[in-house]
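Enquirer: What follows is a predicted protein model with its sequence.
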Amino acid sequence: DVKVTQSSRYLVKRTGEKVFLECVQDMDHENMFWYRQDPGLGLRLIYFSYDVKMKEKGDIPEGYSVSREKKERFSLILESASTNQTSMYLCASSFGGPRTDTQYFGPGTRLTVL
Amino acid sequence: DAKTTQPNSMESNEEEPVHLPCNHSTISGTDYIHWYRQLPSQGPEYVIHGLTSNVNNRMASLAIAEDRKSSTLILHRATLRDAAVYYCILRDVGGNAGNMLTFGGGTRLMVKP
């Protein structure tokens, strides 16, 4: 079974702090994604990566950056956390290029910024 | 990606079949129909997908209308563990770079013992 793990299930940070969210997948997938999920807004793509050291902006990249130094690991960075970044953050991975590929999700990190 | 419409919620009794509908009247010829579900406090989970023919796997069946303007996810015997939000999504196989998923509101399935 594909496994996507995220470093924390719950995280509480203060405004202005730098926050790192880590995601690791064990299936040698090329593609990795970071989404945030908010009530009434569904899933929104922040960034994705289709190869090591490659990244592409999604729909809402402002206030975030990412890092992919190794194929299995994709990190989301909040340079200076703000209260409007309180959300559920979901990491996913998939194999291959076509848009019909299945995405495998981690359990999510619920981030609260005070 | 084309838009889908699903009921906000549905109820089912345990061990009975459940039919979850999805309308996608603006579907294009290259759109695949995908279903994901999200159990409480978990990330979304792939369920099934299809293009034109009906599909079966160990989790569910997918029935696709002949004109492809609607589809139905079928859980043959609902269990309490099937209580989740079910999302119907269209994905264009010919789309440009960016394999993102766009989730709408989904259908919240409640299963009664």
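Expert: The structure has been received and is ready for your questions. Computed from a predicted model, the values in this text were never measured in an experiment.

Enquirer: residues of stretch A:52-59 that come out buried?
Expert: A:55, A:56, A:58 (16 or more other CB atoms under 10 Å in any protein chain shown). Where you see a C-beta, it was placed from the backbone N, CA and C, and this is true even at glycine.

Enquirer: and it, how far apart are its ends?
Expert: 21 Å (CA to CA, to the nearest Å).

Enquirer: Next one, pLDDT for the most centrally placed residue in chain A please.
Expert: Central residue of chain A (CA atoms, centre = their mean): residue A:34, 2.6 Å from the mean position. With respect to pLDDT, residue A:34 scores 95.

Enquirer: how near is it to residue B:51?
Expert: Distance, residue A:34 to residue B:51, by CB to CB, to the nearest Å: 28 Å.

Enquirer: next one: residue B:18
Expert: 23 Å.

Enquirer: In terms of packing, which of these two has more residues around it?
Expert: Just comparing residue B:18 and residue B:51: by other CB atoms under 10 Å in any protein chain shown the higher neighbour count belongs to residue B:18, 21 against 14.

Enquirer: Can you name the residues that contact that one?
Expert: B:10, B:12, B:74, B:75, B:78, B:82, B:109, B:111 (CB atoms under 8 Å, 6 or more residues apart in numbering or on different chains).

Enquirer: and with 10 Å instead?
Expert: Counting by CB atoms under 10 Å, 6 or more residues apart in numbering or on different chains, residue B:18 makes contact with B:10-12, B:60, B:72-78, B:82, B:86, B:107, B:109, B:111.

Enquirer: Could you point out which residue ranges in chain B have low pLDDT?
Expert: The model of chain B has pLDDT under 70 over residues B:1-2, B:93-100.

Enquirer: now do 80
Expert: Scanning chain B for pLDDT under 80 picks out the ranges B:1-2, B:92-105.

Enquirer: And what about the residue in it that chain A sits nearest to, helix, strand or coil?
Expert: Residue of chain B nearest chain A, by CB to the nearest CB: residue B:43 (3.2 Å). Three-state call for residue B:43 (DSSP: H, G, I helix; E, B strand; the rest coil): coil.

Enquirer: number of nearby residues for it?
Expert: Quick note: residue B:43 (other CB under 10 Å) scores 24 neighbours.

Enquirer: what do you get for residue A:67?
Expert: When neighbours are defined as other CB under 10 Å, residue A:67 has 16 of them.

Enquirer: Is it correct that it is in contact with residue A:77?
Expert: Yes: counting by CB atoms under 10 Å, residue A:67 does reach residue A:77; the two are 6.7 Å apart.

Enquirer: Strands along chain A, start to end?
Expert: Assigned by DSSP state E, chain A shows strands spanning A:4-6, A:10-13, A:19-25, A:31-38, A:42-49, A:56-57, A:64-70, A:73-78, A:87-94, A:104-105, A:109-113.

Enquirer: who does the fourth one pair up with?
Expert: Okay, so that is strand A:31-38. strand A:42-49 (antiparallel), strand A:87-94 (antiparallel) (DSSP bridges).

Enquirer: The last one too?
Expert: Strand A:109-113 sits in its sheet next to strand A:10-13 (parallel), strand A:87-94 (antiparallel), going by DSSP bridges.

Enquirer: Deepest in the core, which of those strands is it.
Expert: When those are scored by mean count of other CB atoms under 10 Å in any protein chain shown, the highest mean neighbour count falls to strand A:87-94 (a mean of 24).

Enquirer: Export that one to PDB, keeping only CA atoms.
Expert: Taking only C-alpha atoms (Å, rounded to 0.1, in the frame of the first residue of the first chain), the coordinates of strand A:87-94 have been written out as PDB:
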ATOM      1  CA  SER A  87      -6.400  25.400   8.000                       C
ATOM      2  CA  MET A  88      -6.100  21.700   7.300                       C
ATOM      3  CA  TYR A  89      -3.100  21.000   5.200                       C
ATOM      4  CA  LEU A  90      -3.000  17.900   3.000                       C
ATOM      5  CA  CYS A  91      -0.100  16.400   1.200                       C
ATOM      6  CA  ALA A  92      -0.600  14.000  -1.800                       C
ATOM      7  CA  SER A  93       1.600  12.100  -4.200                       C
ATOM      8  CA  SER A  94       1.000  10.500  -7.600                       C
END
